[in-house]
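J.: This is the structure alone, sequence omitted:
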């Protein structure tokens, strides 16, 4: 596997590992803070962390964005302002199982958009890898019982979660248009700045109406994690992964989030790992490995060469 490709997969796995912790932390914050508050503090922390180191670089490269401000605002709103706020909103009004089911559709939506707008096709190994990973997600969140799905009811939060999936897919689709001359970290800092300031009016309204809650010490620590870890570090890793391996391959890695979340819940919250979780995790990781390594297998290489030879 070429070094840039290996690096891309490593970056994608790093992002999903950090994002899986975000779901656990966000679940604990949802009872005391509104979705707008959580997003405001998360991206406010990210903004303060990035600004001192990137503002000079941003100013020096602003001339590259003269004709792309509509695109930049779109990225900031979908990837920063709306995506996470929709997830936190969904957590207030729907079950975690529903959220996991809908979140699992994100790589499929990304693949469909990439096919429709970029002309990218899924290979045979990627298709079977996705099918296997989806089966693993279903086993994982159902705990091995079909009764879990029979008992599901759908609420307002499911619409918000589906909206989050669409926002994230749209963000990934447009991310490829970043000017290559614009340094990646500075570009992301610009998106964070724009997305954060778009949250200020909502936070201002909560403060004026007395609906805002001052974070406790524990909540503040959680905010630091989702701001610096799941915010800055994860998004920088993910953005770089998209550049190295593309939206479809990175999207398949996204399926590892439920498995990582289960492992982290076992370590952090003391939950036990069950047989369905082990089976689901094995299917998810197996599907990812098959999709990643399948095209590199000798048989696949021969098939691809034969197809290329037959091409006009």
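T.: Perfect, thanks for sending it. Computed from a predicted structure; not experimentally measured. Numbers count the residues shown, from 1 in each chain.

J.: C-alpha only now, for contacts and for neighbours.
T.: Noted.

J.: Quick one: mean pLDDT over stretch 105-118.
T.: Average pLDDT, stretch 105-118: 75.

J.: Oops, could you answer that again for stretch 186-206 instead?
T.: Averaged across stretch 186-206, the pLDDT comes to 95.

J.: What helix or strand is residue 89 located in?
T.: helix 83-93 (DSSP states H and E).

J.: which strands and helices sit next to that helix?
T.: helix 35-61, helix 156-175 (3 or more C-alpha pairs under 8 Å, 6 or more residues apart in numbering; DSSP states H and E).

J.: for the ones you listed, which one ends up most surrounded?
T.: Ranked by mean neighbour count, those are led by helix 156-175 with a mean of 21 (mean count of other C-alpha atoms under 10 Å).

J.: just for the stretch 101-250 of the chain, where's the confidence low?
T.: 101-102, 104, 118, 140-143, 148-155 (pLDDT under 70).

J.: which stretches of it form helices?
T.: 106-113, 124-142, 147-150, 156-175, 184-208, 217-224, 234-253 (DSSP state H, counting those that start in this stretch).

J.: quick one, which of the ones you listed is nearest to residue 84?
T.: Among the helices of the stretch 101-250 of the chain, the nearest to residue 84 by C-alpha to C-alpha is helix 156-175 (7.1 Å).

J.: so how far is the closest one from its chain's centroid?
T.: On the basis of C-alpha atoms, centre = their mean, to the nearest Å, helix 156-175 sits 10 Å off its chain's mean C-alpha point.

J.: What angle do helix 234-253 and that helix make with each other?
T.: 100 degrees (axes from the mean of the first three to the mean of the last three C-alpha atoms, to 10 degrees).

J.: Summarise which helices and strands helix 156-175 is packed against.
T.: Packing contacts for helix 156-175, counted by 3+ C-alpha pairs under 8 Å, 6+ apart, involve helix 69-76, helix 83-93, helix 96-103, helix 106-113, helix 234-253.

J.: per-residue confidence averaged over stretch 22-30?
T.: Stretch 22-30 carries an average pLDDT of 72.

J.: what are the phi and psi angles of residue 120?
T.: Dihedral angles of residue 120 (phi, psi; degrees, to the nearest 10) stand at phi -80, psi 140.

J.: err, residue 122, not the other one
T.: phi -80, psi 140.

J.: With residue 182 instead?
T.: phi -90, psi 110.

J.: Apart from its chain neighbours, what residue comes closest to it?
T.: Leaving aside its chain neighbours, residue 182 sits nearest to residue 61 (6.2 Å; criterion: C-alpha to C-alpha, 6 or more residues apart in numbering).

J.: quick one: that neighbour and residue 75, what's the gap?
T.: 17 Å (C-alpha to C-alpha, to the nearest Å).

J.: again, but for residue 91
T.: The gap separating residue 91 from residue 75 is 23 Å, by C-alpha to C-alpha.

J.: Could you do residue 18 as well?
T.: For residue 18, the distance to residue 75 - C-alpha to C-alpha - is 21 Å.

J.: the more surrounded of the two?
T.: When neighbours are counted by other C-alpha atoms under 10 Å, residue 18 and residue 75 differ, and residue 75 comes out ahead with 26 against 23.

J.: check contacts around the more buried one.
T.: The contact partners of residue 75, by C-alpha atoms under 8 Å, 6 or more residues apart in numbering, come to 171, 174-175, 191.

J.: from the residues you listed, which is closest to residue 147?
T.: Nearest to residue 147 among the contacts of residue 75, with distances taken as C-alpha to C-alpha, is residue 171, at 35.0 Å.

J.: I'd say the closest one and residue 78 touch.
T.: Yes. Contact criterion C-alpha atoms under 8 Å: residue 171 and residue 78 qualify, at 5.7 Å.

J.: Take the helices and strands packed on helix 156-175 and write them to TSV, including distance to residue 44.
T.: Shown next, in TSV, are those (distance: least, C-alpha to C-alpha, whole Å):
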stretch	distance to residue 44
helix 69-76	14
helix 83-93	13
helix 96-103	25
helix 106-113	26
helix 234-253	15
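
J.: how deep is residue 177 tucked in, by neighbour count?
T.: Here the number of neighbours of residue 177 (other C-alpha under 10 Å) works out to 11.

J.: Please read the previous query as pertaining to residue 63.
T.: 10.

J.: what's the answer for residue 81, then?
T.: 25.

J.: isn't it right up against residue 199?
T.: Yes. Shown here, residue 81 and residue 199 form a contact pair, counting by C-alpha under 8 Å, at 6.5 Å.

J.: Check the contact lists of the two and give me the overlap.
T.: Common neighbours of residue 81 and residue 199, using C-alpha under 8 Å, 6+ apart, are residue 39.

J.: I'd say residue 244 and residue 8 touch.
T.: Yes. Under the criterion of C-alpha under 8 Å, residue 244 makes contact with residue 8 at 4.9 Å.
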